[in-house]
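[1] could you look at this predicted model? Sequence included:
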Amino acid sequence: MTKDKDLRVYRGSGNVFQDLELENADELYAKCEQQIQQFKDYKKVIVAIDPGTTQSAIVVWDGSNILYKNILDNEKVLSTISFASSLGVEPDILVVEMIASYGMAVGAEVFNTCVWIGRFIQQWRVATFKEYRLVYRQEVKKHICSNTSAKDSNIRQALIDRFGSPGSKKDKNINPITYGLSKDLWAAFAVAVFYYDTSDK
């Protein structure tokens, strides 16, 4: 067996590039710090959809701002998904509310909605090659309202309590997050908030 050599420990300068005696150490350190800060500032951009038989609500959310929102014919949703980057953002994931079975008989509209969910996912994968996630209404309700029996009005109110009232142009107090949300857009926003809050960012 060989004896371990004595090791000497030195206090670093705070700049690893300087400690390694590399050229332009300060410049390399500054670039590294900038990249670290960009990583810290990065926000996951979520495309959330509340699907319907003929129309669906779509909300693009980055955790701080709604970057896009609309209720569109389903064919238009497909084209919007295909060119999501043209909205001025680079989306990271598609999150769609999925139909759940509760043991009750359902009509053709439910099955048609399921078909559209599949088409949205297929189009997203073909256009972006990025991941998607299906979420269920019950888990969204539990997260937003802490109650799986919550109704749409309860979800809307919970989101208003958290993000503020939409306000109005007349009163000149527009809320940049919730202003313009209506009908199924609240449901799509709830899906986006649920995923952003519960996923690893």
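    Perfect, thanks for sending it. Keep in mind that this is a model prediction, so the values were computed, not measured.
[2] from now on I want contacts and neighbour counts done on CA atoms only, so please keep to that.
    Will do.
[3] okay, buried residues for the longest helix seen in the chain please.
    Ordering each helix of the chain by length in residues (DSSP state H) puts helix 108-128 first. Using 16 or more other Cα atoms under 10 Å as the test for burial, helix 108-128 gives 113-114, 116-117, 120-121, 123-125, 128.
[4] who's in contact with the closest residue to N173 other than its chain neighbours?
    With Cα to Cα, 6 or more residues apart in numbering as the criterion, N173 has its nearest non-adjacent residue at 5.3 Å, and that residue is G167. Contact partners of G167, counting by Cα atoms under 8 Å, 6 or more residues apart in numbering, are 173-175, 179.
[5] tell me the pLDDT of G107.
    As predicted, G107 sits at a pLDDT of 72.
[6] and the two most separated of the contacts of G167?
    Using Cα to Cα, the pair of these lying farthest apart is N173 and Y179, separated by 9.6 Å.
[7] thinking again about what came up before, measure the residue nearest to N173 to I174 for me?
    5 Å (Cα to Cα, to the nearest Å).
[8] lowest-pLDDT helix or strand in this structure?
    Using mean pLDDT, DSSP states H and E, helix 25-41 stands out as the lowest-scoring helix or strand of the chain, at a mean of 61.
[9] the helix or strand following that helix to helix 108-128, inter-axis angle?
    Note on helix 25-41: by DSSP states H and E, the next helix or strand toward the C-terminus is strand 46-50. Here strand 46-50 points in a direction 160 degrees away from that of helix 108-128 (axes from the mean of the first three to the mean of the last three Cα atoms, to 10 degrees).
[10] buried ones in strand 46-50?
    Buried-residue list, strand 46-50, by 16+ other Cα under 10 Å: 46-50.
[11] do the same with stretch 69-80
    69-72, 74, 77-78, 80.
[12] quick one: it to chain centroid distance?
    Centre-to-centre, stretch 69-80 and its host chain are 18 Å apart (Cα atoms, centre = their mean, to the nearest Å).
[13] now it: mean pLDDT?
    95.
[14] end-to-end on it?
    Criterion Cα to Cα; first-to-last residue distance in stretch 69-80 is 11 Å.
[15] kindly state the beta-bridge partners for the residue nearest to the spatial centre of the chain.
    What sits nearest the mean C-alpha location of the chain, by Cα atoms, centre = their mean, is I46, with 2.5 Å. Under DSSP bridges, the beta-bridge partners of I46 are W61, I93.
[16] that one contacts E90, doesn't it?
    No: counting by Cα atoms under 8 Å, E90 is not a contact partner of I46; they are 9.4 Å apart.
[17] where do the strands of the protein begin and end?
    With DSSP state E as the criterion, the chain has strands at 46-50, 55-61, 66-73, 93-98, 132-136.
[18] what lies in contact with the second one?
    Applying Cα under 8 Å, 6+ apart, the set of residues contacting strand 55-61 from outside is 45-51, 66-74, 77, 184-185, 187-189, 192-193.
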